[in-house]
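Asker: Any chance you can model this:
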Amino acid sequence: MRAAVRTTYGPPEVVHEADVDTPVPGPNQVLVRVHAATVTAADSAFRSGTPRFARLFSGLRRPKKSVLGSEFAGEVSAVGAAVTRYAVGDKVFGATDLGLGAHAEYVCVKEDGAIATLPTGLGYAEAVTLADGTALVFLRDHAKLHSGQSILINGASGSVGAQAVQLARHFGADITAVCSGAGAELVTRLGADRVADYTRTDFTKEGRTYDVIFDVAGASSYGRCRRLLKPGGRYLTTVPSLAIMVQAPWTAVVGNRRAVIAFTGLRPAAAKAKDLALVKELAEAGRIVAVVDQTIPLVRIADAYRHLDRQGKRGTTVLDLP
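Answerer: A predicted model of the protein is given here:
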């Protein structure tokens, strides 16, 4: 099968299309013919090996896995002998575990893992944008966001940010979205109450305070944002750094404002499956929508990473495997 492969850390050019062995499903696995996969910030970190913290998962000196990619959407091509939930021909979407491997024509996943049938009315490219549970886990489990609270989402027009805006609206929060001017119309349509264009204003100097600050891209810091938090407020970030790794446990026991870092990809498969079912339900009810930034073919995988590394993205970068 064809796949996006890399054997060393580095810039987008280290990833290229190549032939690799097609996986064979085990007794409790399904083999999915991938039609669409996401290219995410996590993929970019594992590709480049930066921040260095990422190498604890991907390999200290060189990558452990040659094929990246976690979220996928496609069609069941084969099933293991013990599989009962899915059949050949089922259209599905979901996420792999830390084995990655979704940037390929085929991927194997456990039938009781993070996999579900496609939401009604969505195609592969749309469905795959909803498979990442990062925003849901941060806002529901770590922020415990609820109606009447205020949240600032820094990096609101990107893939995780766009979902975070919609989920914050679902939870009933007042939303300030920080993004470039090019993304203002999008985040407003998704539910933001106000937009701060980071190219023109510094949100830390606006004088507003929030119950939650979700720094999706790690573009700010707890130190800069602490005074913007209300008593009991929480600063959340998806990007690991030495500072946040010290601040998170320290603020959990000292003071009334918290710094939080979480690694949502390490959740148990059962938790991922439950979250996927919820996201599917919200999508079918029209509470959240798919936001596709660009669809890029597998043969141009390096271009997908170049696009991902640029600022001003609007939605999710999708890898097309026709």
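Asker: residue ranges for the strands of the stretch 151-300 of the chain, please.
Answerer: For the stretch 151-300 of the chain, the strands defined by DSSP state E, counting those that start in this stretch cover 174-179, 194-197, 210-215, 229-237, 258-261, 292-297.
Asker: how about the longest one: buried residues?
Answerer: If I follow you right, that is strand 229-237. 229, 233, 234, 235, 236, 237 (16 or more other CB atoms under 10 Å). Quick note: C-beta positions are derived from backbone N, CA and C, even for glycine.
Asker: can you check stretch 207-220 too?
Answerer: Across stretch 207-220, burial judged by 16+ other CB under 10 Å covers 210, 211, 212, 213, 214, 215, 216, 217, 218, 220.
Asker: measure that stretch end to end?
Answerer: In stretch 207-220, first residue to last residue: 16 Å (CA to CA, to the nearest Å).
Asker: which residues does the residue lying closest to residue 198 once chain neighbours are set aside contact?
Answerer: Spatial nearest neighbour of residue 198, chain neighbours left out: residue 178 (5.5 Å); criterion: CB to CB, 6 or more residues apart in numbering. Contact analysis of residue 178 by CB atoms under 8 Å, 6 or more residues apart in numbering lists 152, 153, 154, 155, 156, 195, 196, 198, 203.
Asker: Please apply the same query to residue 197.
Answerer: By CB under 8 Å, 6+ apart, the neighbours of residue 197 are 179, 180, 181, 184.
Asker: which among these end up buried?
Answerer: 179, 180, 184.
Asker: Save those as TSV, and put in pLDDT and distance to residue 306 too.
Answerer: As requested, the buried ones among the contacts of residue 197 are exported to TSV (pLDDT from 0 to 100; distance: CB to CB, whole Å):
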residue	pLDDT	distance to residue 306
179	95	20
180	91	18
184	95	24
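Asker: Among those, find me the one that's closest to residue 126.
Answerer: Residue 126 lies nearest to residue 179 out of the buried ones among the contacts of residue 197, by CB to CB, at 21.2 Å.
Asker: Contacts only, for that closest one.
Answerer: Contacts of residue 179 were listed using CB under 8 Å, 6+ apart, and they are 155, 156, 157, 158, 161, 187, 195, 196, 197, 198, 312.
Asker: Recalculate using a threshold of 6 Å.
Answerer: Residue 179 sits next to 156, 157, 187 when contact means CB atoms under 6 Å, 6 or more residues apart in numbering.
Asker: show me where pLDDT drops low in the stretch 201-322 of the chain?
Answerer: Along the stretch 201-322 of the chain, segments meeting pLDDT under 70 span 311-312.
Asker: for the strands of the stretch 151-300 of the chain, which one sits closest to residue 73?
Answerer: In terms of CB to CB, the element of those nearest to residue 73 is strand 292-297, at 11.6 Å.
Asker: Which strands or helices does the closest one pack on?
Answerer: helix 301-309, strand 316-320 (3 or more CB pairs under 6 Å, 6 or more residues apart in numbering; DSSP states H and E).
Asker: Among those, show me which one is buried the most.
Answerer: Across those, averaging neighbours per residue (mean count of other CB atoms under 10 Å) puts strand 316-320 on top, at a mean of 25.
Asker: for that one, packing partners?
Answerer: Counting by 3+ CB pairs under 6 Å, 6+ apart, strand 316-320 packs on strand 29-39, strand 292-297, helix 301-309.
Asker: can I get the ones you listed in a markdown table with distance to residue 103?
Answerer: Converted to a markdown table, the helices and strands packed on strand 316-320 look like this (distance: least, CB to CB, whole Å):
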| stretch | distance to residue 103 |
| --- | --- |
| strand 29-39 | 6 |
| strand 292-297 | 11 |
| helix 301-309 | 7 |
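Asker: now the farthest one out in this structure, which residue is it?
Answerer: When each C-alpha in the chain is compared with the mean C-alpha position (CA atoms, centre = their mean), residue 81 comes out farthest, at 31.9 Å.
Asker: Setting aside sequence neighbours, what's the nearest residue to it?
Answerer: residue 27 (5.0 Å).
Asker: State the helix or strand in which the one you found lies.
Answerer: For residue 27, there is no host helix or strand (DSSP states H and E).
Asker: what's next to stretch 43-61, contact-wise?
Answerer: Residues contacting stretch 43-61 (CB under 6 Å, 6+ apart): 9, 68, 240, 308.
Asker: Alpha carbons of that stretch, as PDB, please.
Answerer: Written as PDB, here are the backbone C-alpha positions of stretch 43-61 (Å, rounded to 0.1, in the frame of the first residue of the first chain):
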ATOM      1  CA  ASP A  43       1.800  15.000  13.700                       C
ATOM      2  CA  SER A  44       3.900  18.100  13.000                       C
ATOM      3  CA  ALA A  45       5.600  17.700  16.400                       C
ATOM      4  CA  PHE A  46       6.300  14.000  15.900                       C
ATOM      5  CA  ARG A  47       7.600  14.700  12.400                       C
ATOM      6  CA  SER A  48      10.000  17.500  13.500                       C
ATOM      7  CA  GLY A  49      10.900  16.000  16.900                       C
ATOM      8  CA  THR A  50      10.200  19.400  18.500                       C
ATOM      9  CA  PRO A  51       9.500  20.200  21.200                       C
ATOM     10  CA  ARG A  52      12.000  17.600  22.500                       C
ATOM     11  CA  PHE A  53       9.400  16.400  24.900                       C
ATOM     12  CA  ALA A  54       7.500  14.800  22.000                       C
ATOM     13  CA  ARG A  55      10.400  12.400  21.500                       C
ATOM     14  CA  LEU A  56       9.500  10.600  24.800                       C
ATOM     15  CA  PHE A  57       6.600   9.200  22.800                       C
ATOM     16  CA  SER A  58       8.000   9.000  19.300                       C
ATOM     17  CA  GLY A  59      11.600   8.000  19.900                       C
ATOM     18  CA  LEU A  60      14.600   9.800  21.400                       C
ATOM     19  CA  ARG A  61      17.100   9.600  18.500                       C
END
